[in-house]
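Asks: Task: produce atomic coordinates for the following.
(chains A and B)
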Amino acid sequence: MYGVSKIPLLSKRHGLRSFHLDFDTIDSVDNILANSALKPVWHDSVHKGTGELIYVDSNTAKEGKSSDWIENQPSLMRTENKKGKKFSPLPKRTKDGKKNGKVEPTGQQNGNISCKVTKEVVLKLSYNTQGDHGPLLQRLCGIVTGKVGVDIFGRTLHQNGHTNTSDGKEDNRVSVHALLPDGSAITTGDILIGDIITAINGIPVTLKSIDKVVSSLSSESQINLQLERPVSVLPNGSLNHRKVSPPNGKIIKLLTDKPDDVNTNNSFGDVPHAIMYLNMLRDSDKEDSKEILYKYPCKDAASKLHVIHGLYVTLGDMLLNITDSRITGTSLLVGEELVHVGYYKWCSELLVVALPAKNASQHQVQCIAQQIAKLMSFMFLSLNSAFCDEANHGRLNHLFNLLMFQLLSNREKVDQTSLGDPPHQEDIFLQMLPGVRWLNLPDQVKLDIDSTITDFEAADFADISVQHYNDRRPYVVIGSCLLYKGYLLANHLPTEDLLDISLYCNYYSLNGLATHQAVGQLVIWREVYPTRRVRPMEPPAHGYSEPQGRWFLLIVGLKHSVLCVLLEAGGCAFPVTGTVNPDPFYVDQLRATLQHLESLEVFAACEERLSVPPIPALSCVDWFFPSRKTSISDSGQPPLPPSASSSPMISRLHGQSPARGRKSNDMRPFHRPPSPSTGSNASSQKRNSVRTDSDNESEPTSPFPSRTNSTQSSPSLGKKSDLQRRGSDASGGSTGSNEIYRAGRRSRLVPDPYNLGVMQRVVQDSAMDNYSATKLTAGQDNTLFHFVHLDTASGIIVCPTNDDIRLLGGNIHAYLLHNFQVCCKEVRKVLQQYVKAKKREEGPCRSICRDDSLSTVQEYGVLFKCTPENWSDSKKQPPTIHYWVVGRLVKVASTIKELYVCHHYNACQNAVEMAFKLAYGAGL
Amino acid sequence: MAAHLVCLTNEGGVPLFSRSSGSTKPLAFAEQGMLYGVQMFAQNYGVTLQSTDTEDSKVAWRVFHDSIVLVLVQADDGSSHVHANTILEHVFQTMVMYLGLDSLVRLRNIERLRRDLRVCYPVIDSLLEDANIFDSISESVEVVAIPEAASLQDPLDSFVTECESTFGCVHCNGRLLVATPKWWGLSGQEMMLLSRLVRSLPKNSSSDIPVFLPHASPKVPHRLISVHLLSGLVVSVLCLDVPTLATVQSKLIESHWLPHFEMLKTCLRAPVTNIPKAIVVDPGILAFMVVNTNQHKCIVSCQLPIIEGSMAERRPLTVEKRRSILASFYRNTVGTIFPVVHSPERKDPSGERPSSLPHSAEEAYMNALDHKCYSICSQDFRLFVTFSAAVPHHAIRLVSQQFLESLKKDKIFIDLREKKS
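Replies: Presented below is the predicted three-dimensional model:
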C-alpha cells in the first residue's frame, strides 16, 4: 500500500491545465484523503497473496441482483405450487377472484407455457417533494405504473394481456412501467419493469384503486409490495428466461466470484470440454512426478477427456519424431460427439484445450489454445509459472469459467437457429483476429480524449509530480488505452501491449460486460508480463535497452467505458519488491480521468457515433430482395411520417425518425436502400428535401436508384440549422459535418478516383464538403454488406459496430453475417499460409514438408447464394441474391493488412481499392 | 507430397504393410506401433481418434470393419480432413477390390494376408503419389474427351456381348475412353480404382485378375480380363466363368478390334491436353479440372500449351506446379466451402464446415502472386481452373463461366448410364 503512503498529499499544484479544473471536486485533497484514509470499497477484494484485484460493482443497473431473483425462481415456483396460495396462473382467474393452485398452461402456441412467480418486496418510502405531480407511488418510491400489456414503448409485454382484451374485459392490473433513477424501488433491484403489483401491504390493488391505497399508506415509512412476474416455462419444466435474463448477470457473478473459492460452479457438465496442462517428460525415475499439472474442470475427474491425457502427450511426442513439427490439433469422437482439441507446446509441457465441434471449429480451438498460452504468459510470465503453482489454480478456474461461459453458452443459441430464429450475432471471427475493434470519432473528440489521457500519462501534475516531492514516483505510465463498450477509442500503447491487454479484456469478458450494461465501478489490478518485454521480437536498438522492472495492469471501468493502463515500477520509477497491492491513488486518478472524459461529453459523442448510420455506408441484404411483403406495404405509403412506416428501418435511415434525430437528418450522404420498392421513397424524398445538382444525374431507369454521392447530400437547410445548433462549438465552419470523420473535409478520405464527375462536383461544392468517399464499393449502387479491416501493425480492427448491424436489421442479413464470419475463418486460414510461408523460409528442412502450393495466395473470394428463410410460396422459386465474401492481404511497407468484405455480386469490386479507401479513410 | 501409410490389424496391431511416398524414409517399426497404439488407447476409453494436425503435416486414423486400421501421415496444405479420409477410404476399397471384403473382415492367417496384400501396392502407391490425384480426390473417373471415342462404342458393345458380359470398357493411357452403360453405372470410386488397376498392369500384356467390386459385389469376385490392344490402349471386360483369357485373346480380340485399328490409333494419338477440339480454351488458362458429380466423370488437364505472345507466357508455371496448385485449390475449397460429393455408399464423417455455412457457396477464387484460381460449383458440374497471374481479375469469372458452359455441352458428358427404373 505504499502507493499512498509514499506520496504525501499536499496541496494541489496551481496552474494545471484546463482539465484539472474539472478535477477540483474529484481530485481535491479532502476527497483523496477521504478515499485513502478510509479503505476503498474494493479493498476487501484484493487477493492476499498476489495483490490481484478484480472488483465489479454493478450498482447502476442492479443486474446482479436480478439474476439472484432468477436463480430463486425455480424454488419459488415449486413452493408456491405446493401452497397453492399466491400463485395465480391465469390473470383472468385472478380478476374473477377464483384462485387456483394448479399450473395451467396459457400460451401453448409456442410450446411455452407461461406462469408467474410472486415475490414480496419491502420498500422504504422517501417523499419526494420536488415533483408534486404524477402518481403518488411514483413520488414515494420511484415506480411509474400503468396498464398491463402495453408498456411505454407500446409493446405488448405479456401474452396474457391479449387474452384479456380479447375477452372484452379490461385488465385492471397495475404494471411497473418504469423505475425512476432516484427512487427507492430501483435501489432494491428486486423490482423489474414489467412486474405486476398485485397488492400493497396486503391490500389488493387495481389501476383505479392504487392511488387511494397508496395515499392511505403515505404516512408510513415503508410499504410491502407484492409483485408478480410472468415467466415462461418450457414444456419440460425448465424455466426459460428469455425476457428477463440479463446477459451479464452471469458474467458479473462469474467475474466477481472470489477466485479462491471458485471450485466448479460450472454448468456445462454434460458438454465435453477440458483445459489441461500436461508434463510431457515422463520421468520414470521419479515416482512423484505428476503428469497432469493442471486440469479444468477439476470436478468431474471421470471425464473422458481427462482420462486419456496420455494420448495427447504421446501424440505430441510421437508426431514430433515422425514429422519434425509440433502438434497443433486433434479431432476426437467422444461417444457421438465430435470434439476438437487444440494444443500449445511449451518446452516440455503441453497445453491442451478441448471443445465440442458444435461450439468451435478445429481452427478456432487451435487459436484459443494459442491465445490462452499468450494470456498465461502475459499474466504469469510463463505457462509453467501459471499452471504449476497450485496457488494460481483458483484464479485459473475463475478465468476458464468465464471463458467456457462465453464459448459454451452459444450452444443454446445454436439450437435456436434451427427453430428459424435469425442466428445470434457472435463475433466468432473477430475474436480470432489479433486486434481490437476501433471506433472512429470526430477529430475534436479524439483530441479531447488524447489530451486527457496524455495529461494523465504525463503525470506531471501536482500530486504525482517528481519535482514536487523530490521523490521517485511509484509508477511510470507506459501507456493506456480507452475502450468504450468494447470499442477502442484511443491507444497510447505499443501494439503488442495493446494486444495483450485486449486479450485480457476479452477473456475476462470485460468488453461484453461494458457493452451490455453500465458498470458502477470496475477495478482490476494485477502484475503482468507484457509479451513485448518478456519475449522481445526484435533485437534491441543499439545503445538503448528498455528498462527492466515490473509491470502492472490497472483497469478501471465506469459505466460503459474502460480505461486500461500499463504501469511500470522500477526503471525510472521506484522499484518495488514483494506483493504489490493496488494503489488507490492511481485508481482514483483513472476514475477521475474517466469522469473528466465524461464531463467533456466524450462518451456522449461515442453514443452519438454509435447511433448514426454506418459509414462507410452499408446495405442490408434484405433490401435487395424485390417485393417482399413488407416492402409492398411500404411502397404504398411514403415512409416519411415516422409513426406510419411499417418498416422503421427505411424511415430511420432516411433520417426522418425522431429516434435517429438530427444526426441522420440528411446531414451525410449515405446509402439509400436500393430496393425497387423504395422508388416511391426516392420520389417522396425529392419532394421533401432540398437536393443538390447531382441528384439530377441519378438515372431513373436504374433499378437501384441509390447513388451514394448524389442522394441526400447535405441540404443547405439542414446544415444551417446544424451550424446554429452547434454554434457554440469552437471549431466553426467545418463542424457542420464534423460528427463523423468520413463526412468531414479534414478527414483523409479519398474521393472515388475513377469517378471524375464526383471530383468535379467536389471542387464545385467544396463548401458543401459532403462528397461520397463514404461508399466503399465501386459502381453506382452501394453494394457493401459488411467489412472487417485488420491492421496488424496497429492491432486495430475497423468494422461496423454492433449498433450499425442492429440498425440495418434484416432477417436475412443476420444469416449473411453469420455466413460471413464462418467463411472468413476459412478464408483467413488460407491467407495465413502466406504469412506463415514467409516465416518458414529460413526454417530447417523437415522430413515432411508442408504443401506450399497456395502460400502465395493474397486474395480469396467466395460467391454465395442466399434465399429468404421460410419461403412460404412453394409455387414460385424463392428470389436469390448472390454476394461475395472476399478476403485480401494488402502489403503496406513491411506490414500486412487484412481486409474482409462482403458485397453484392453485381458490381465487380477491387479489394485492394477498398482496402486503400478504408485504410486512408480511417486515418490510421 | 510426402506421405506415409500404415496398415495394421485392429486386434493386436500386427503391421500388414506400410507404404511411403515422396522423398521420405519409411516409418520405423516402433513408429508404426505408436501410431497404432494411440488409436488403440483412445478406443479403450470409448474415444475415437480421428485426426491430428501438426504444423506441417496431418495424420488421419480410420478403423474399417473393426479389423483393419489405416493411418495416413501426409503433408498439410491447409485442406479439410475429409480429403485424408477419402484417401484412406480409397486404400481400403483397393484392398477389398483385390482380396474381397470377407478376407479383410475375418482375419485368419495374418502371414498369408500380408503376402496377399502385396498385389495392392501398385494401386495404393498410385493413390499416395502426386501425379494423378484428381480422380481420387474427386472420386470420379478421368475420361478422355475426344469425339472419335463415340465410334468405338459399337465395337465395344458387341465385344462385351460376345464375352457374355455387360461390363466392359476401353482405357487409353489410364483414362477411360469408352465404356458400356453398365460400366458407367458403377460408382465413381469403383471406376476410378479399376482405372488405376488397369493402369498398373504391365505394358503390352493380357491379364485375367479376380476383382471384387467394392460396392457392387464386395464378396463375390469377378474376372477382369484386360488385353492391351495397343501400347497404352487396354480393353477390359468383367465376366464370370467364361470366356477364358485364351479364348478372348485368340478369337474375340482380333475379330472385334482389328477393323477399328485406325480409329484406336487416332484415339491413342489424342493430345495430352485432353480438351475436346470444338472447345476454345482461353490462352490464360494453365490447367483445369471439370467434374460431373452426377456421372462421376472428370476431365483434367495440366498441360495446356502456353501460346506464344499470350498473357500466360509471361510467367509460365511448370506442369508439376500447376498440378499441385490445382489440387491444393480443390482440397481447400471442397470440404470447407463447397460440400463434398461422396459415393453414396461411403459413410464417414464428411467435412464439418459446409454444414455450418447457412448459405451455399457457388463460386470461389484465389488470387496469388504467381497464379489465379477460379472454381464454379453448380448442380452437377464443378470447374476448377488455374489461370496465369497475368489474366486480369475481372476477366476470370466470365472466362470460367463460358468455359464451363462449353464443356457442359460436350458429348463426353452425355449420360450413358442405363435409366434406373
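Asks: quick one: what helix or strand has the residue lying closest to B:L213 once chain neighbours are set aside in it?
Replies: Leaving aside its chain neighbours, B:L213 sits nearest to B:E190 (5.5 Å; criterion: C-beta to C-beta, 6 or more residues apart in numbering or on different chains). (Each C-beta comes from the backbone N, C-alpha and C, glycine too.) Under the criterion of DSSP states H and E, B:E190 resides in helix B:188-200.
Asks: CA atoms of that helix as CSV?
Replies: Taking Å, rounded to 0.1, in the frame of the first residue of the first chain, the C-alpha atoms of helix B:188-200 are listed here in CSV:
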residue,chain,number,x,y,z
GLY,B,188,-17.2,-43.3,-59.1
GLN,B,189,-14.9,-44.9,-56.7
GLU,B,190,-15.1,-48.3,-58.4
MET,B,191,-14.5,-46.8,-61.9
MET,B,192,-11.6,-44.8,-60.5
LEU,B,193,-10.0,-47.8,-58.8
LEU,B,194,-10.5,-50.1,-61.8
SER,B,195,-8.8,-47.4,-64.0
ARG,B,196,-5.9,-47.4,-61.6
LEU,B,197,-5.8,-51.1,-61.6
VAL,B,198,-5.7,-51.2,-65.4
ARG,B,199,-3.0,-48.5,-65.4
SER,B,200,-0.9,-50.6,-63.1
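Asks: Contact partners for B:V178?
Replies: Applying C-beta atoms under 8 Å, 6 or more residues apart in numbering or on different chains, we find B:V178 in contact with B:149-150, B:152-153, B:156, B:169-170.
Asks: What's the separation between the residue nearest to B:L213 and B:C169?
Replies: Distance, B:E190 to B:C169, by C-beta to C-beta, to the nearest Å: 12 Å.
Asks: Check whether B:V69 sits in a helix, strand or coil.
Replies: Look at B:V69: counting by DSSP: H, G, I helix; E, B strand; the rest coil, its state is strand.
Asks: so it sits right up against B:W61, yeah?
Replies: Yes: counting by C-beta atoms under 8 Å, B:V69 does reach B:W61; the two are 6.9 Å apart.
Asks: Mind pulling the model confidence for residue 179?
Replies: Because you didn't say which chain, this covers chain A. You'll see A:L179 listed with a pLDDT of 66.
Asks: wrong one, I was asking about chain B
Replies: Value listed for B:A179 in the pLDDT field: 92.
Asks: What spatial separation is found between the residue nearest to B:L213 and B:V234?
Replies: Distance, B:E190 to B:V234, by C-beta to C-beta: 17 Å.
Asks: Measure how buried A:F405 is and give me the count.
Replies: 20 (other C-beta atoms under 10 Å in any protein chain shown).
Asks: tell me which element it is part of?
Replies: Assigned by DSSP H and E, A:F405 falls in helix A:393-408.
Asks: Show me what whichever strand or helix holds A:L305 is packed up against.
Replies: Using DSSP H and E, A:L305 maps to helix A:304-307. The contact analysis (3 or more C-beta pairs under 8 Å, 6 or more residues apart in numbering or on different chains; DSSP states H and E) places helix A:304-307 against strand A:274-279.
Asks: The strand it packs on and chain B, are they touching?
Replies: No: in terms of C-beta under 8 Å from any C-beta of the partner chain, no part of strand A:274-279 sits within range of chain B; the closest distance is 12.1 Å.
Asks: Now do the helix holding B:E190: everything it contacts.
Replies: Against helix B:188-200 from outside (C-beta under 8 Å, 6+ apart): B:89-90, B:93-94, B:97, B:122-123, B:126-127, B:135-136, B:138-142, B:171, B:174-176, B:179, B:183-184, B:186, B:209, B:211, B:213-216, B:224, B:226, B:234, B:236, B:296, B:343, B:345-346.
Asks: per-residue pLDDT, residue 196?
Replies: Went with chain A since none was named. Listed pLDDT for A:I196 reads 75.
Asks: Chain B, not that one
Replies: For B:R196, the model assigns a pLDDT of 92.
Asks: And for B:L70?
Replies: The model's pLDDT for B:L70 equals 93.
Asks: Tell me the spacing between the closest residue to it other than its chain neighbours and B:V6.
Replies: Of all residues not flanking B:L70 in the chain, B:L88 sits nearest, at 4.8 Å (C-beta to C-beta, 6+ apart). Distance, B:L88 to B:V6, by C-beta to C-beta: 11 Å.
Asks: which residues do these two both contact?
Replies: In contact with both B:L88 and B:V6: B:70, B:72, using C-beta under 8 Å, 6+ apart.
Asks: Filter the contacts of B:V178 down to the buried ones.
Replies: Judged by neighbour count, with 16 or more other C-beta atoms under 10 Å in any protein chain shown as the criterion, the buried members of these are B:149, B:152, B:156, B:169-170.
Asks: Inside helices: which ones of these?
Replies: Secondary structure from DSSP state H places B:L156 of the buried ones among the contacts of B:V178 in helices.
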